[in-house]
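A.B. asks: what's the 3D shape of this:
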Amino acid sequence: MSDFEAIDALLAGARKEVPLPPAEERRALREELNVSRAQLAQALSVSPSTVGGWESGRDPSGEVREKYAYFLNGARTKLAAAADDTSGEKTADEEPAVEETADDETSGGEATPADDGGESGHALRPEAAPAEDDVDDVGALAVPEPCVLCGQPAAHQVAGFPQHLDPAECGAARPAPTAQRPQAGPPPQAGPPPQAGPSSQAGPPSRAVETRPSAPARQPRRPAPSEVRVVPVGRRLQRADGPDPIAAAVASALAEHEGDVEEATKALVKRAIPDAMALLDATRKGGRYEIVAHPWLPDILRKQSARGADQIWEARPKWARSHLPPGEHEVTALDVNGAYLSALKTHLPLGQLEHSVGNHHDRRRAGVHLVTPPAWEHDAYLPNPIGSRDEPGPLWVTEPTLRLLLRLSGPRYGLCDPPEIHESWTSGATENLLEKFRVALKDARERAIAEGDEVTLEYVKAMYSKFVSTMGESNYNRELYRTDWMHLIRSQAFVNLWWKAHRAYDEGLLVVRAMGTDELHVIGDWRAVFPEGRGVTEVKVKDVYTVSEGDSG
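C.D. replies: As a prediction, this is how the structure comes out:
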């Protein structure tokens with residue numbers, strides 16, 4: 001093929017990207033059609049958080065962009081057609097608004113209890129059913145189930161609860177029957193007129209007493225046996241006994257492998273990454289912040305070669321004490337439980353990182369920083385906060401490492417000088433971005449330990465460890481590319497270990513070694529300092545060995 005033919009072929013295959021409407025219109029189009037993020041994400045073969053990113057301003061590319069544009073254009077057409085069909089029409093059976101009268105004010109002196117027994121007096125009524133802006137998972141049921149409002153069969157579910165979408169179909173929406181007038185009958189027997197009291201005066205009768213019988217006080221409606229108990233979670237409601245996705249996955253795997261624990265565990269570990277992402281999406285519903293799943297990252301956060309590393313220093317400890325007191329010592333190697341699970345609680349940048357220069361730290365932001373670390377003069381009994389690094393000069397550290405150095409340089413500890421910050425890549429941050437995700441995994445882990453459920457324990461461990469290790473430049477998790485988060489979470493685990501070493505030293509133990517994310521070697525009565533067990537706030541014994549006089553490390 002000649003050069004000109006190659007150019008012709010290139011021009012023939014080239015095409016301009018399909019234009020997309022503004023981000024706010026994308027969400028409005030989806031919501032007006034009552035299509036949830038989960039439904040659209042399934043149709044486009046992406047995650048709900050990815051759709052959320054598109055609705056917050058991030059643009060897709062390639063084939064998925066064309067599919068997304070096709071959906072948006074179709075939504076516009078359908079909504080425009082519906083608007084043309086209904087324009088100028090007015091519902092014939094529309095009832096006029098009921099005016100409040102003096103009778104309403106005098107008919108009873110007490111407020112009527114709410115029908116549903118809720119605090120607001122209108123929760124779960126059909127006319128106040130959750131809108132698509134609040135509930136993102138309206139779907140059809142394969143088999144009708146009792147409506148949570150009226151108990152009659154419903155063909156749809158809202159946030160996992162069977163419910164009628166049309167209030168006219170819901171028994172709870174039908175007005176209660178009005179009080180019936182007494183049936184016609186023989187006239188009352190004549191009798192003596194009522195005796196007037198001492199204070200009776202001639203005049204018109206009292207309307208509130210003589211012309212209208214006082215209505216009996218309404219009693220709160222008792223929940224029907226078929227109703228589902230719900231509890232508030234954030235600004236939404238969810239089932240109080242809602243299904244546990246982790247328990248459901250374990251039960252399904254055991255059933256599929258006919259109770260074979262080993263095979264079920266292998267299957268669960270294999271699917272740990274997509275399951276962790278699904279759990280993250282579930283725990284992010286109703287969250288205050290949108291996750292930017294694929295932001296632009298600076299070159300310092302990109303691998304320098306296919307098998308190389310980027311420029312971020314995570315401060316992994318690999319420290320051993322150089323000298324011990326004379327004599328023989330029993331050393332206990334302690335294992336810190338759930339190191340990466342605990343490290344999920346750390347300050348994470350929400351959006352795309354922005355560059356700044358100068359020796360200044362904003363605690364409302366988080367990211368990575370080029371710093372010159374201070375000298376460390378306590379290596380004889382405590383590990384260096386920046387880990388085992390021999391090369392002098394500036395280096396890129398993470399937010400947890402920088403905050404540790406700043407804290408140690410403060411007046412409370414005074415263990416070093418402040419680090420010098422040269423430049424930073426940061427974004428607005430929060431410490432609780434993954435908190436619901438972390439708590440869900442922690443609770444499942446604790447239940448598994450209490451019940452001796454090793455299948456769930458291994459499954460949960462695989463979920464949080466693989467989640468952390470694959471959120472960078474990994475082919476195993478294409479839903480979340482946050483190399484900065486990966487470095488920050490790992491560094492937070494190292495910082496947590498450093499603080500345990502400092503606590504041991506502060507309580508009079510001899511700290512012998514600190515390694516990786518979870519290994520701490522000490523001499524002394526460590527049980528007086530750390531609780532023993534398998535919980536995330538506890539430690540367990542990994543090894544016990546003896547160091548004789550003259551040995552080191």
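A.B. asks: so where's the stretch 401-550 of the chain uncertain?
C.D. replies: Scanning the stretch 401-550 of the chain for pLDDT under 70 picks out 549-550.
A.B. asks: please enumerate the helices of it.
C.D. replies: 435-451, 454-469, 483-506 (DSSP state H, counting those that start in this stretch).
A.B. asks: reformat these as a markdown table; add mean neighbour count and distance to L79.
C.D. replies: In this view, the C-beta of every residue, glycine as well, is placed from N, C-alpha and C. Listed next are these as a markdown table, based on neighbours: other CB atoms under 10 Å; distance: least, CB to CB, whole Å:
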| stretch | mean neighbour count | distance to L79 |
| --- | --- | --- |
| helix 435-451 | 18 | 34 |
| helix 454-469 | 21 | 38 |
| helix 483-506 | 22 | 38 |
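A.B. asks: can I get the ones you listed in TSV with distance to T77?
C.D. replies: Below are the helices of the stretch 401-550 of the chain laid out as TSV (distance: least, CB to CB, whole Å):
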stretch	distance to T77
helix 435-451	38
helix 454-469	40
helix 483-506	39
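A.B. asks: how about those, which one is nearest V368?
C.D. replies: V368 lies closest, by CB to CB, to one member of these: helix 483-506, at 6.5 Å.
A.B. asks: from the middle of its chain, how far away would the closest one be?
C.D. replies: Put simply, helix 483-506 sits 23 Å off its chain's centre (CA atoms, centre = their mean, to the nearest Å).
A.B. asks: kindly format the C-alpha coordinates of that helix as CSV.
C.D. replies: Output of helix 483-506 as CSV, limited to C-alpha atoms (Å, rounded to 0.1, in the frame of the first residue of the first chain):
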residue,chain,number,x,y,z
THR,A,483,-2.9,4.8,41.9
ASP,A,484,-2.8,7.7,44.4
TRP,A,485,-5.3,5.9,46.6
MET,A,486,-3.3,2.7,46.5
HIS,A,487,-0.2,4.4,47.7
LEU,A,488,-2.0,6.3,50.4
ILE,A,489,-3.8,3.3,51.8
ARG,A,490,-0.5,1.2,51.9
SER,A,491,1.3,4.1,53.5
GLN,A,492,-1.5,4.4,56.1
ALA,A,493,-0.9,0.7,57.0
PHE,A,494,2.8,1.5,57.5
VAL,A,495,2.0,4.5,59.6
ASN,A,496,-0.4,2.5,61.8
LEU,A,497,2.4,0.0,62.4
TRP,A,498,4.8,2.8,63.3
TRP,A,499,2.4,4.1,66.0
LYS,A,500,2.1,0.6,67.5
ALA,A,501,5.9,0.5,67.7
HIS,A,502,5.8,3.9,69.4
ARG,A,503,3.1,2.8,71.8
ALA,A,504,5.1,-0.3,72.7
TYR,A,505,8.2,1.9,73.3
ASP,A,506,6.2,4.4,75.3
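A.B. asks: tell me how far L402 lies from L344.
C.D. replies: Distance, L402 to L344, using CB to CB, to the nearest Å: 19 Å.
A.B. asks: quick one: closest of the helices of the stretch 401-550 of the chain to D59.
C.D. replies: Ranking the helices of the stretch 401-550 of the chain by distance to D59, with CB to CB as the measure, places helix 483-506 first at 20.7 Å.
A.B. asks: just want the angle from that closest one to helix 454-469.
C.D. replies: Counting by axes from the mean of the first three to the mean of the last three CA atoms, to 10 degrees, helix 483-506 points 110 degrees away from the direction of helix 454-469.
A.B. asks: got the confidence number for T91?
C.D. replies: For T91, the pLDDT comes out at 47.
A.B. asks: one more: T211?
C.D. replies: Model confidence at T211, given as pLDDT, is 46.
A.B. asks: just name the shakiest helix or strand of this structure by mean pLDDT.
C.D. replies: Using mean pLDDT, DSSP states H and E, the weakest-scoring helix or strand in the chain turns out to be helix 102-106, at a mean of 37.
A.B. asks: neighbouring strands - and their directions - for whatever helix or strand comes next after that one?
C.D. replies: The helix or strand immediately downstream of helix 102-106 is strand 138-146, counting by DSSP states H and E. According to DSSP bridges, strand 138-146 forms sheet pairs with strand 153-158 (antiparallel).
A.B. asks: for the strand it pairs with, buried residues please.
C.D. replies: A154, A155, H156, Q157, V158 (16 or more other CB atoms under 10 Å).
A.B. asks: tell me the one among those nearest to V455.
C.D. replies: Closest approach between the buried residues of strand 153-158 and V455, by CB to CB: Q157, at 29.3 Å.
A.B. asks: pretty sure the closest one is touching Q163, no?
C.D. replies: Yes: judged on CB atoms under 8 Å, Q157 makes contact with Q163 at a distance of 6.5 Å.
A.B. asks: roughly how far is stretch 298-306 from the heart of the chain?
C.D. replies: Distance of stretch 298-306 from the chain centroid (CA atoms, centre = their mean) equals 29 Å.
A.B. asks: domains for this structure, by residue range?
C.D. replies: When the chain is parsed with automatic domain parsing, its domains come out as 17-80, 142-168, 299-432+483-547.
A.B. asks: out of these, which comes closest to S252?
C.D. replies: Taking the domains of the chain one by one with CB to CB, domain 142-168 is closest: 17.4 Å.
A.B. asks: what's the local residue count around the nearest residue to E330 once chain neighbours are set aside?
C.D. replies: Excluding the flanking residues, the one nearest E330 by CB to CB, 6 or more residues apart in numbering is T546, at 5.6 Å. T546 sits with 9 neighbouring residues when counted by other CB atoms under 10 Å.
A.B. asks: quick one, longest strand in the protein?
C.D. replies: strand 420-430 (DSSP state E).
A.B. asks: and the angle from that strand to helix 483-506?
C.D. replies: Strand 420-430 runs at 110 degrees relative to helix 483-506, counting by the same axes, to 10 degrees.
A.B. asks: strand 420-430: which residues count as buried?
C.D. replies: Neighbour-count burial for strand 420-430, counted by 16+ other CB under 10 Å, picks out I421, E423, S424, W425, T426, S427, A429, T430.
A.B. asks: how about stretch 268-287?
C.D. replies: Buried, per 16+ other CB under 10 Å, within stretch 268-287: 268-269, 272-273, 275-281, 283-285.
A.B. asks: adding secondary structure, pLDDT and distance to D506 as columns, could you present those in TSV?
C.D. replies: What follows is the buried residues of stretch 268-287, written out as TSV (DSSP: H, G, I helix; E, B strand; the rest coil; pLDDT from 0 to 100; distance: CB to CB, whole Å):
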residue	secondary structure	pLDDT	distance to D506
L268	helix	96	40
V269	helix	95	39
A272	helix	94	37
I273	helix	94	39
D275	helix	94	40
A276	helix	94	36
M277	helix	92	40
A278	helix	92	42
L279	helix	93	37
L280	helix	92	36
D281	helix	90	41
T283	helix	88	35
R284	helix	85	38
K285	coil	80	42
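A.B. asks: and which of those residues is nearest to A444?
C.D. replies: A444 lies nearest to L279 out of the buried residues of stretch 268-287, by CB to CB, at 9.5 Å.
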